[in-house]
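Asks: got a predicted structure plus its sequence, pasted below:
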Amino acid sequence: MSVFMDLNLSYTADKGRLQSLIETAAHLGFSTVAINYVFEPTAKKKQEIPVPTPINDLMDQLPVVQGRSRPIRVLNRLTVVMSDSSHFRQNAPEYRRYDLLAVQPTTEKLFHAACMTFDVDLICISVTEKLPFFFKRAPVNGAMERGVVFEVSYSAAIRDSTLRRYTIANAVSLMETCKGKNVILSSAAEKPLELRGPYDISNLGLLFGLSDGDAKEAVSSTCRSVVLHAETRKTASGIVYTMKSCSETPGQQEAPPAHCEAPAAKRAKQLTE
């Protein structure tokens, strides 16, 4: 059975709407979602990278995924909209607050840099305007070799007919270059009505130029690869993973809980599966 993911639910300060987004995603069968915080630096004033809201502060109990017995998994994601190379700080400690890191380049030069050098998990393709550059095979292949994945979101196509044309045109242009590989489809939904089920998204992928198999992978296995890439990015060559150990009561000699035992070993096993 496929595991479906939507790695782009737009963050909103409206707590109720964000809860509804997560609950709707779980009802539609998504096992993992990511709350997307968009950071768009400007030259006029210094801006601080937003701090993600802990999921415990957002919801007391996560909804159970339809058709499964486990609750939905919620990740935090940061997307940096770049109009200048200085907007992405390669080793900024603020990036470590997020599970996923994405960039949205606005020029051909920045797109090339994102594909070839930036340590990110996702490269977002703008769907709200006609791209000012063409996709070239060399940087796209370079990103694919590094395990970086491209993202196309579909909710803008639902809101407006003009945005629908831009979405389809930009998506088709990308698919012609990458041959449908290393691409995910996500919603970028701002409200529950903009969410679609996994199989509806797969059918939409056919309109974007994906094959039937690639369209299904774009909402399942390729998304899983993005999550694993993000975890590997925080390790030493994908081998050593550090995390906080569970606190132990003074004087307690009992074995630690199962979820605290050998975290590095368990993580290494997950990354090799």
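Replies: Yep, it's here.
Asks: residues contacting the residue nearest to residue 92 when sequence neighbours are not counted?
Replies: With sequence-adjacent residues excluded and distances taken as CB to CB, 6 or more residues apart in numbering, residue 92 is closest to residue 49, at 7.1 Å. C-betas here are computed from N, CA, C, even on glycine. Neighbouring residues of residue 49 by CB atoms under 8 Å, 6 or more residues apart in numbering: 39, 78, 92, 94, 95.
Asks: which among the residues you listed end up buried?
Replies: By the neighbour-count criterion of 16 or more other CB atoms under 10 Å, those include these buried positions: 39, 78, 95.
Asks: next up, phi/psi of the first one, please.
Replies: The phi and psi torsions at residue 39 (degrees, to the nearest 10) take the values phi -120, psi 110.
Asks: measure it to residue 82 for me?
Replies: The spacing between residue 39 and residue 82, counted by CB to CB, to the nearest Å, is 10 Å.
Asks: same question, residue 17
Replies: Between residue 17 and residue 82 the distance, using CB to CB, works out to 27 Å.
Asks: neighbour count: those two, which is higher?
Replies: Taking residue 17 and residue 82 together and counting by other CB atoms under 10 Å, residue 82 has the greater number of neighbours (22 against 13).
Asks: correct me if wrong: the more buried one contacts residue 111.
Replies: No - contact between residue 82 and residue 111 fails when scored by CB atoms under 8 Å: they sit 9.1 Å apart.
Asks: common neighbours of the two, please.
Replies: Residues touching both residue 82 and residue 111 (CB under 8 Å, 6+ apart): residue 105.
Asks: and the strands in the stretch 151-273 of the chain?
Replies: Assigned by DSSP state E, counting those that start in this stretch, the strands in the stretch 151-273 of the chain fall at 183-186.
Asks: what's the neighbour count on residue 137?
Replies: The number of residues packed around residue 137, counting by other CB under 10 Å, is 11.
Asks: hang on, I meant residue 183
Replies: Residue 183: 25 surrounding residues under other CB under 10 Å.
Asks: who does it form a beta bridge with?
Replies: With DSSP bridges applied, residue 183 shows beta-bridge pairing to residue 150.
Asks: identify the residues contacting it.
Replies: Under the criterion of CB under 8 Å, 6+ apart, the contact list for residue 183 reads 149, 150, 151, 152, 174, 175, 210, 214, 218, 222.
Asks: can you list the weak-confidence ranges in the chain?
Replies: Applying pLDDT under 70 to the chain picks out residues 1, 43-46, 236-273.
Asks: ok, the nearest residue to residue 175 once chain neighbours are set aside - contacts?
Replies: Excluding the flanking residues, the one nearest residue 175 by CB to CB, 6+ apart is residue 209, at 3.6 Å. For residue 209, the set of contacting residues under the criterion of CB under 8 Å, 6+ apart consists of 171, 172, 175, 176, 180.
Asks: just the buried ones from those, in PyMOL syntax?
Replies: Restricted to buried positions by 16+ other CB under 10 Å, the PyMOL selection for those reads:
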select buried, resi 171+175+180
